[in-house]
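**Q** What would the 3D arrangement of this be:
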Amino acid sequence: MKQTVRDLYSNLESLGQQTVTLHGWVRNHRAQKAFGFIDLSDGTFFETVQVVYEESLTPDFSAVQKIRIGSSIKVVGTLVLTPDMKQPFEVKADTVELIGDALEDYPIQPKRHSREFLREHAHLRPRTNLFTAVFRVRSLLTHAIHTFFQDKHFVHVASPLITTNDAEGAGQLFQVTTLDLDNLPRTKDGAIDYGKDFFARKANLSVTGQLQAEIFAQAFTNVYTFGPTFRAEKSNTPTHASEFWMIEPEMAFCDLAMNMDVAEEMVKYIIQYVLERAPKEMAFFDKFVQKGLLEKLDHVLKTPFARITHQEAVDKLLAAPVSFEHAPNHRGDLATEHEKYLVKAMGGPVFVIDWPKDIKAFYMRLNDDLETVAAMDLLVPGAGELIGGSQREERLEVLKERMRAMHVPEEELWWYLDLRKYGTTPHSGYGLGFDRMLMYLTGVENIRDVIPFPRTPRQCEF
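**A** This next block holds a predicted model:
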């Protein structure tokens, strides 16, 4: 294995003068008359290594002075400890070899670029400090999710990306077809003949893996899905994307209270996991992206999550000594301004439970009052809703009645109803938007800046 920048920073206590060989990209280059400095990054660590070269450099000092920012190089030299300087060590180069030149129009120069500009260069933005940090934390967050559930012996389920149902009932679906759009086959009554399509029926990209996870929960007890989901929602807000990732655990023999216990434990686990494994990146976010970020996350770690009903939440809002742009409503959803107020009033994260049935999905368990369902939303400081979940309706006749009331066709979900016929159990689950969790961890305010290649309305580059 080649030596890496991470290797050197990971072994600072044992470093001594030694010959090192590094490969990487030039982040900055300051060429002087008789010497020069190169900031070298190989992507393995947040910090760069300063490479110092002098006139005695081989094979050609003048050629090295002309190496441009963005070029890839190979450096062989002597590691020199510099404990009294900003960086703990530097490399005095014996040779600097140009591997891949960067042309003069390389757009990522050592200056501050706007986020909008960097989105237009998404193929190059991982080379900047911000996106180096964001995408390393994204990788760590992925591992943290899997580690949390695997350590609890949850079974990972790969839910399908192509489905024939709209589990959320929102109708905002990306259709999948192989039909000739310029010559669509028609039935006798003029409708599109999906019997001629690839799947012989209308199909779409999945909006959730929850329903399929419920199937496996009725066999393995504890399962989770983790993958991409799709919404054809024409929204250009900073928190919406057309393609995003979801974590969706499902647990049999689990009520709403147990569901919240798992959600709280998971949130605290993944925050702690990232803080421990990406201290440089998190310090960078705290300093340059969102001041007070580390304090906010530490508060979440140390604070028990409160639990209140939707009715109690609205009562608090109605009694609040402030005016809201949107009036709180016992039968309505909570606006962002409401969520922010509740989090502040409750002193930290809060689960809002028992929501009006008319604004929630058909699969959520009807409470004894026949007006609310056993649903939960987790609200957190600085982000609002982070998790949504519920206890699922396990009673066949109640579920069928809810489907009829909400115009969900039974014939498309016959298999979902079967689960209530053959060994039904109380079961619960929730969904965590992975990309929104990453926004919360990093303080980055736009979802387009935490997804490597964001898909949004009228945007599908790269």
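
**Q** Pretty sure Asp354 sits in a strand.
**A** Yes. Assessed by DSSP: H, G, I helix; E, B strand; the rest coil, Asp354 belongs to a strand.

**Q** Just the local confidence number for it, please.
**A** Asp354 carries a pLDDT value of 98.

**Q** tally of neighbours for it?
**A** For Asp354, the count of nearby residues is 20 (other C-beta atoms under 10 Å). The way it works is simple: take the backbone N, C-alpha and C, and place the C-beta from them, glycine included.

**Q** residues in contact with it?
**A** 309-311, 367, 372-375 (C-beta atoms under 8 Å, 6 or more residues apart in numbering).

**Q** out of those residues, who has the most neighbours?
**A** Of those, with other C-beta under 10 Å as the count, Val373 tops at 28 neighbours.

**Q** Wait, a strand at that residue?
**A** Yes. Judged by three-state DSSP, Val373 forms part of a strand.

**Q** Could you check how far it is from Leu366?
**A** Distance of Val373 to Leu366, given as C-beta to C-beta, to the nearest Å: 6 Å.

**Q** what do the two both touch?
**A** Overlap of the contact sets of Val373 and Leu366 (by C-beta under 8 Å, 6+ apart) consists of Lys357.

**Q** Name the nearest residue to Phe230, ignoring sequence neighbours.
**A** Nearest residue to Phe230 in three dimensions, chain neighbours excluded: Leu205, at 3.9 Å (C-beta to C-beta, 6 or more residues apart in numbering).

**Q** my read: the one you found touches Ile162, true?
**A** Yes. Proximity of Leu205 to Ile162 meets the contact threshold set by C-beta atoms under 8 Å, at 6.6 Å.

**Q** between those two, which one's more packed in?
**A** Under the criterion of other C-beta under 10 Å, the comparison of Leu205 against Ile162 puts Leu205 first, with 19 against 12.

**Q** and the more buried one, backbone torsions?
**A** The phi and psi values for Leu205, taken as degrees, to the nearest 10, are phi -70, psi 140.

**Q** going forward can the numbers begin at 404, since that is how I track them
**A** Will do, 404 is the new start, and the previous item becomes Leu608.

**Q** residues contacting it?
**A** Contact analysis of Leu608 by C-beta under 8 Å, 6+ apart lists 564-566, 576-577, 579, 632-633.

**Q** Which pLDDT does the model give it?
**A** The model reports Leu608 with a pLDDT of 95.

**Q** Same check on Gly572?
**A** Looking at Gly572, its pLDDT is 60.

**Q** What distance do you get for Thr580 to Cys863?
**A** 18 Å.

**Q** oh sorry, the question was meant for Arg795
**A** As judged by C-beta to C-beta, Arg795 and Cys863 stand 34 Å apart.

**Q** Those two: which has the busier surroundings?
**A** Remark: of Arg795 and Cys863, Arg795 carries more neighbours, 31 against 11, as counted by other C-beta under 10 Å.

**Q** phi, psi of that one?
**A** Dihedral angles (degrees, to the nearest 10) for Arg795: phi -90, psi 150.

**Q** got it, and Val560?
**A** Reported as degrees, to the nearest 10, the phi and psi values for Val560 are phi -120, psi 130.

**Q** Can you give me the neighbour number for it?
**A** Val560, neighbours per other C-beta under 10 Å, totals 21.

**Q** Ok, the one 4 residues further on next?
**A** The number of residues packed near Leu564 is 14, by other C-beta under 10 Å.

**Q** In this structure it contacts Gly630, no?
**A** Yes. At 7.3 Å, Leu564 counts as touching Gly630 under the criterion of C-beta under 8 Å.

**Q** anything in contact with each of Leu608 and Ile565?
**A** What both Leu608 and Ile565 touch, as defined by C-beta under 8 Å, 6+ apart, is the set Val579.

**Q** Could I get the contacting residues of the residue nearest to Asn662 when sequence neighbours are not counted?
**A** Excluding the flanking residues, the one nearest Asn662 by C-beta to C-beta, 6+ apart is Ser831, at 3.8 Å. Neighbour list for Ser831: 653-654, 657-659, 661-662, 777, 792-795 [criterion: C-beta under 8 Å, 6+ apart].

**Q** one more time with 10 Å, if that's ok
**A** Going by C-beta atoms under 10 Å, 6 or more residues apart in numbering, Ser831 touches 620, 652-663, 665-666, 767-768, 777, 779, 792-795, 797.

**Q** tell me which element it is part of?
**A** Here Ser831 sits within strand 830-836, counting by DSSP states H and E.

**Q** Averaged pLDDT, stretch 628-647. What do you get?
**A** Stretch 628-647 shows a mean pLDDT of 92.

**Q** what's the span of that stretch from first residue to last?
**A** Criterion C-alpha to C-alpha, to the nearest Å; first-to-last residue distance in stretch 628-647 is 13 Å.

**Q** Quick check: most distant residue from the centroid of this structure.
**A** Ranking residues of the chain by C-alpha distance from their mean position (C-alpha atoms, centre = their mean) puts Ser459 at the top, at 48.7 Å.

**Q** and that residue, what pLDDT?
**A** So, for Ser459, pLDDT stands at 85.

**Q** Contact partners for the spatially closest residue to Gly846 that is not a sequence neighbour?
**A** Among residues not flanking Gly846 along the chain, Gln693 sits closest, at 2.7 Å (C-beta to C-beta, 6+ apart). When the contact criterion is C-beta under 10 Å, 6+ apart, the partners of Gln693 are 699, 785, 843, 845-848.

**Q** How about Gly787?
**A** 642, 737-743, 745-746, 780-781, 839, 843.

**Q** quick check, nearest of the residues you listed to Val478?
**A** Set against Val478, the nearest of the contacts of Gly787 by C-beta to C-beta is Tyr843 (38.1 Å).

**Q** Next one: the closest one relative to Phe464, how far apart?
**A** Distance, Tyr843 to Phe464, by C-beta to C-beta: 49 Å.

**Q** quick revisit: between which two of the contacts of Asp757 is the distance greatest?
**A** Farthest pair in the contacts of Asp757 (C-beta to C-beta) is Gln714 and Ala777. Separation: 13.8 Å.

**Q** name the element Phe552 belongs to?
**A** helix 532-554.

**Q** In helices only, show me the contacts of Gly787.
**A** 739-743, 745-746, 839, 843 (DSSP state H).

**Q** Of those residues, keep whichever come out buried.
**A** The neighbour count (16 or more other C-beta atoms under 10 Å) marks 740-743, 745-746, 839, 843 as buried among those.

**Q** Including distance to Lys671 and pLDDT, could those residues go into JSON lines?
**A** What follows is those, written out as JSON lines (distance: C-beta to C-beta, whole Å; pLDDT from 0 to 100):
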{"residue": "Glu740", "distance to Lys671": "26", "pLDDT": "94"}
{"residue": "His741", "distance to Lys671": "24", "pLDDT": "96"}
{"residue": "Glu742", "distance to Lys671": "20", "pLDDT": "95"}
{"residue": "Lys743", "distance to Lys671": "21", "pLDDT": "93"}
{"residue": "Leu745", "distance to Lys671": "20", "pLDDT": "96"}
{"residue": "Val746", "distance to Lys671": "16", "pLDDT": "94"}
{"residue": "Arg839", "distance to Lys671": "17", "pLDDT": "93"}
{"residue": "Tyr843", "distance to Lys671": "13", "pLDDT": "95"}
